[in-house]
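J.: Please find the sequence and the predicted model below.
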Amino acid sequence: MRAVNLIPPDLRRGDHAPLRTGPLAYIVVGALALALLGVTLLVLAGNEVSEKKDEVKTLQREDKLAQARAERLAPYTEFQSMSEQRVQTVTSLADSRFDWPRVMRELALVLPGGVTLTNLAANAALGEGGEAAKGVKGPSLELEGCAGSQDAVAGFITALKDVDGVTRVGLESSSDEEGGSSGSGEGCQGKTQFHLIVAFDAAPLIPVEGAEAPEAEEAESSSAEGESEGTEEGG
């Protein structure tokens, strides 16, 4: 005969007893999982904040050490800067020196016998000299005087070009007016009066505050115009 279990299913015990199911168990498990996740994230955030704080403290210590080291080395930096400035000053002065005694000696050697100088001006700095010397990039000589003829002036210009360092000779004026005139022409009655600019463009120029360096094109144009005028007048 087959055995029949007369105990109600909800009161049965053992492996074949039905499990109690419902949403409450899932809610409890989910809440515990969320709590665990929140605690984990909180711990990780706290650790990261602590690491950042330690890094900030380390950087602050390093910054203080660097500032202290810089303060100790400041006198050496100032001395190095002062030394460089002095070297630049000495170099500038050495580069800007011009051998005027040599130029005067060579000028005396090339000066023809029939040419007389009534005025001589040496311009070593930018901004010095008259309007005629404005277009010169380097030191220059302004020569005014008189000669026996236009040919003598042309020969003097050629001789000046043989002076060491001369880059060009510009003829500002040359006239054969009788009786002479006041100023640079006094004592040249009956002779040819001239005004020359002897340029040493390749030599260093001493700058003067407030003066602007002339352009090379303007200097060459002024020289070309002066030589052209001299050629026309000489012809």
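T.: Ah, there it is. Residues are numbered from 1 along each chain as shown.
J.: Pass me the low-pLDDT residue ranges in this protein, would you?
T.: Across the chain, residues meeting the criterion (pLDDT under 70) sit at 1, 9-22, 89-96, 125-135, 177-187, 204-235.
J.: Quick check: next helix or strand after the helix ranked longest in the chain?
T.: Longest helix of the chain, by residue count under DSSP state H: helix 23-96. From helix 23-96 onward toward the C-terminus, using DSSP states H and E, the following helix or strand is helix 100-110.
J.: on contacts alone, who are the packing partners of that next one?
T.: Identification of packing neighbours for helix 100-110 by 3 or more CB pairs under 8 Å, 6 or more residues apart in numbering; DSSP states H and E yields helix 150-160. For glycine as for every other residue, the C-beta is placed from the backbone atoms N, C-alpha and C.
J.: what's in contact with the helix it packs on?
T.: The contact list for helix 150-160 (CB atoms under 8 Å, 6 or more residues apart in numbering) reads 107, 110-112, 114-115, 147, 166, 169, 171, 174, 176, 192, 194, 196, 198, 230, 233-234.
J.: From these, keep the buried residues only.
T.: Burial of these was assessed by neighbour count (16 or more other CB atoms under 10 Å); the buried members are 107, 110-111, 115, 147, 166, 169, 171, 174, 192, 194, 196, 198, 230, 233.
J.: from the residues you listed, which single one is nearest Val87?
T.: Using CB to CB, the shortest approach to Val87 within the buried ones among the contacts of helix 150-160 belongs to Val166, at 31.5 Å.
J.: Just list the residues touching the closest one, thanks.
T.: Shown here is Val166, whose contacts under the criterion CB under 8 Å, 6+ apart are Leu160, Val198, Ala199, Phe200.
J.: Thr118 is in what secondary structure piece?
T.: strand 116-123.
J.: and Asp164, how many neighbours does it have?
T.: Other residues near Asp164 come to 9 when the count uses other CB atoms under 10 Å.
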